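A.B. asks: Predicted model follows, preceded by the sequence.
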Amino acid sequence: MFRVQDTILSDDIATTRFACDLSKCKGACCVVGDAGAPVSKDEVAHLEHAFDLLKRELHPDAKRTVEKEGLVQQSRHGLELSCRDNEECIFVTYKDDVAYCAIQKAFLEDRIEWEKPISCHLYPIRLKKVGETEYANFEYVNKLCSAACMKGEKEDVYLSEFLKKPLVRRYGQDWYDDFEEKCKEMRIKNDEAAVL
């Protein structure tokens, strides 16, 4: 574990190579899982706006799920986005058998100003707040992450670099600069340990 300001991060965030490979995983992080994406209270209004804007583009079951269960649900872990049929996120859309986030698609088309929940943007990093300290862990799920790890190895891209945009969105540029410096230190230590 290493610390950047008020955040404690698992070492593998610094040392793992990772780059999403949608052609292989087919957007599985939006579909596979036993719960919806974690969301904050501050994000609910953005989600409601996105749903109002996009509901005609979503699967009919997504609309039925929201009518029956609501857009977000309270779980023992906090607020979570609803999933249709307890699997895919209600905001999933498909193109050529690949799952995409309808919110992010609308953002990239300049139809909405908010990109998507930060937990989705940061995935596979998961955050947990304990008191004033936030913990960040790499949530490796073989079915979701193996193709991205292989692509990251092939292209020599680290998870910390691949997730620069969402990390800056979450913590700010100064934090990210400190973080990237610590990541480089961790990699040097990791390489030195491998030689011994």
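C.D. replies: Structure's in. What do you need?

A.B. asks: can you give me the helices for this structure?
C.D. replies: Secondary structure of the chain (DSSP state H): helices at 11-15, 22-25, 41-54, 60-69, 102-108, 118-122, 142-155, 159-162, 164-171, 173-195.

A.B. asks: between those helices, which gets the lowest average pLDDT?
C.D. replies: Lowest mean pLDDT of these: helix 22-25, a mean of 86.

A.B. asks: how about it as CSV, C-alpha atoms only?
C.D. replies: Written as CSV, here are the backbone C-alpha positions of helix 22-25 (Å, rounded to 0.1, in the frame of the first residue of the first chain):
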residue,chain,number,x,y,z
LEU,A,22,-13.5,-3.7,-25.9
SER,A,23,-13.1,-6.0,-28.8
LYS,A,24,-12.2,-8.8,-26.4
CYS,A,25,-14.2,-8.1,-23.2
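
A.B. asks: Quick one: list the elements packing against that helix.
C.D. replies: For helix 22-25, the packing partners by 3 or more Cβ pairs under 8 Å, 6 or more residues apart in numbering; DSSP states H and E come out as helix 142-155. Backbone N, C-alpha and C define where each C-beta goes, glycine included.

A.B. asks: about what we covered before: what would the helices of the chain look like in CSV with mean neighbour count and distance to D96?
C.D. replies: Putting the helices of the chain into CSV (neighbours: other Cβ atoms under 10 Å; distance: least, Cβ to Cβ, whole Å) gives the following:
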stretch, mean neighbour count, distance to D96
helix 11-15, 19, 31
helix 22-25, 14, 9
helix 41-54, 15, 20
helix 60-69, 14, 20
helix 102-108, 19, 14
helix 118-122, 19, 21
helix 142-155, 16, 16
helix 159-162, 20, 23
helix 164-171, 17, 24
helix 173-195, 13, 33
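
A.B. asks: Please name whichever of those helices is nearest to F91.
C.D. replies: helix 102-108 (4.6 Å; Cβ to Cβ).

A.B. asks: quick revisit: please dump the helices of the chain into CSV; it should also carry distance to D85 for every row.
C.D. replies: Below are the helices of the chain laid out as CSV (distance: least, Cβ to Cβ, whole Å):
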stretch, distance to D85
helix 11-15, 32
helix 22-25, 20
helix 41-54, 18
helix 60-69, 7
helix 102-108, 17
helix 118-122, 19
helix 142-155, 18
helix 159-162, 30
helix 164-171, 27
helix 173-195, 37
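
A.B. asks: In contact with the spatially most central residue of the chain, which residues are there?
C.D. replies: In the chain, the C-alpha nearest the mean C-alpha coordinate belongs to Y123, at 2.4 Å (Cα atoms, centre = their mean). For Y123, the contact set (Cβ atoms under 8 Å, 6 or more residues apart in numbering) comprises 29, 37, 139.

A.B. asks: what's the burial count for S75?
C.D. replies: Counted by other Cβ atoms under 10 Å, the residues lying close to S75 total 11.

A.B. asks: Tell me if I'm right that it and V39 touch.
C.D. replies: No - the criterion here is Cβ atoms under 8 Å, and S75 misses it with V39 at 10.9 Å.
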